[in-house]
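Chemist: I would like to see how this sequence folds:
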Amino acid sequence: MSKYRSIAVIYGSDSSEWEVACRSGEFTASRIDEFKYDVYEIFARFGNWKLVAMRKANSMRQPFPEGAQPEVDKSDFSVMVLGEKIKFDFAYIMQHGAPGETGLLQGYLEMLGVPHSSCSAFVTTVAFDKFSCKSYLRTADFVKLAPDAFVRKGDDIEAFSKKAVEKLGLPLFVKPTNGGSSFGISKVEKAEELPEAIRFAFKEGDTVIVEAAIQCEHELTCAVYKDENGLQALPVIEIVSKHGWFDYEAKYNGFSQELCPAPIPDSLRDQIQAISKQIYKHLGCNGLVRMDYISAPDGIYFLEVNIIPGMTNASLVPKMVRTAGLSITDFLTTIIENA
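Modeler: I've put the predicted structure just below:
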């Protein structure tokens, strides 16, 4: 017996990742068990929330044409469809970037008492911001962190850049603290390139983290989720980028290999899976979360947590799920029923 009946899949976002989020959301909605749940697809961007398609259990998907898409009533998270008021039992969040990965959407749902697929609002806020997340892990003894420096829009970029190079050396990675899909990220090889790379990152947000580049032996990623037996780690993937690092082109335009299962020693695989579970518990995560790492000669370095990992057919988590011998549909049911 399912805990929920009407599932709202929320996709789109207010960030540069909104189109990726649409692909993830549409894929997720299409794979949710058609016999167990009514599925409602909500496109949400800049406060405009519309029902773009629905699929009643045991029925065909019904899209709504533009101009005739019912508007979501945010006062109680419901929608009127053909004179019937639908109040959603559960929200499956597939928004990459704001507000789905910043904690705002989770906070809204939690205030209304609507169960959802993600971490709590607080954990989402902390985990999505790269500097905040690293700060929560600085005292952990089970993973390493690259040395870094933090800068906020309005600070003296030239002075900061000089100090950052003196402290961290070269090369450096420059990242918006609250972005994803590698938007705004640069690799800096020369000191004079750093101020411009920081300005580029500021296009995605008001805060930036500059990190020392770590000697990479393997770039690895692993996802963790809950089932009825507790925490489970999916197979590890190794990412081999043709660009030297996993930038937007490598992620979405075929300039990388994503090897699953990762061709690494069993001991390293086990270590990555164990660390992923520890980070999940340390941060207080919920639902499906993916962690990224670099394996270096002196240990394993944490890169970031993906609170809402990509869920297109070609995304990393579906590859992990298939390698584990699970069906995507059964996997999504597990996420929904154990969130």
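
Chemist: contacting residues for the residue lying farthest from the centre of the chain?
Modeler: The outermost residue of the chain, judged against the average C-alpha position, is G83 (35.9 Å), by CA atoms, centre = their mean. Counting by CB atoms under 8 Å, 6 or more residues apart in numbering, G83 touches no other residue. Placement of C-beta: from N, CA and C, glycine included.

Chemist: Please report how far it lies from R5.
Modeler: To R5, G83 is 19 Å away according to CB to CB, to the nearest Å.

Chemist: re earlier: from P70, how far off is the residue farthest from the centre of the chain?
Modeler: Counting by CB to CB, the gap from G83 to P70 is 11 Å.

Chemist: where does the closest residue in space to S24 that isn't next to it in sequence land in three-state SS?
Modeler: Nearest residue to S24, sequence neighbours excluded (CB to CB, 6 or more residues apart in numbering): M311, at 4.3 Å. Counting by DSSP: H, G, I helix; E, B strand; the rest coil, the backbone at M311 sits in coil.

Chemist: quick one, what contacts M311?
Modeler: Residues in contact with M311 (CB under 8 Å, 6+ apart) are 24-25, 27-28, 94, 317-318.

Chemist: Out of these, which is nearest to R138?
Modeler: Comparing the contacts of M311 against R138 with CB to CB places V317 closest, at 27.2 Å.

Chemist: What is the burial count for that closest one?
Modeler: By other CB atoms under 10 Å, 23 other residues sit near V317.

Chemist: Surely P263 touches E238?
Modeler: Yes: using CB atoms under 8 Å, P263 is in contact with E238, at 6.5 Å.

Chemist: So which of the two has more stuff around it?
Modeler: In terms of neighbours (other CB under 10 Å), E238 is the more surrounded of P263 and E238; the figures are 20 against 10.

Chemist: So which residues make contact with the one helix or strand that one maps to?
Modeler: Element membership for E238, per DSSP states H and E: strand 237-241. Residues outside strand 237-241 that contact it (CB under 8 Å, 6+ apart): 218-222, 246-247, 250, 255-264, 316, 319-320.

Chemist: Return the subset of the residues you listed lying in strands.
Modeler: Counting by DSSP state E, the contacts of strand 237-241 place 218-222, 256-259 in strands.

Chemist: hmm, back to that, which of the contacts of M311 are buried, as a ChimeraX select command?
Modeler: Applying 16 or more other CB atoms under 10 Å to the contacts of M311 leaves a buried subset, and the ChimeraX line that selects it is:
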select :24,25,27,28,94,317,318
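
Chemist: and which of the contacts of M311 is nearest W49?
Modeler: Closest to W49, out of all of the contacts of M311 and judged by CB to CB, is G25, at 12.8 Å.

Chemist: what helix or strand does that closest one sit in?
Modeler: Assigned by DSSP H and E, G25 belongs to helix 18-31.

Chemist: Going by neighbour count, which residues of that helix are buried?
Modeler: Going by neighbour count (16+ other CB under 10 Å), the buried part of helix 18-31 is 18, 20-31.

Chemist: in this protein, which spans are helices?
Modeler: Ranges of helices in the chain, per DSSP state H, are 18-31, 104-112, 121-128, 130-137, 157-168, 194-201, 248-252, 266-283, 316-323, 328-338.

Chemist: Grab the nearest non-local neighbour of V208.
Modeler: A201 (4.5 Å).

Chemist: Kindly report the same for F331.
Modeler: Using CB to CB, 6+ apart, the closest residue to F331 is V321 (4.9 Å).

Chemist: And A262, by the same measure?
Modeler: In space, A262 is closest to E238, 3.7 Å off (CB to CB, 6+ apart).
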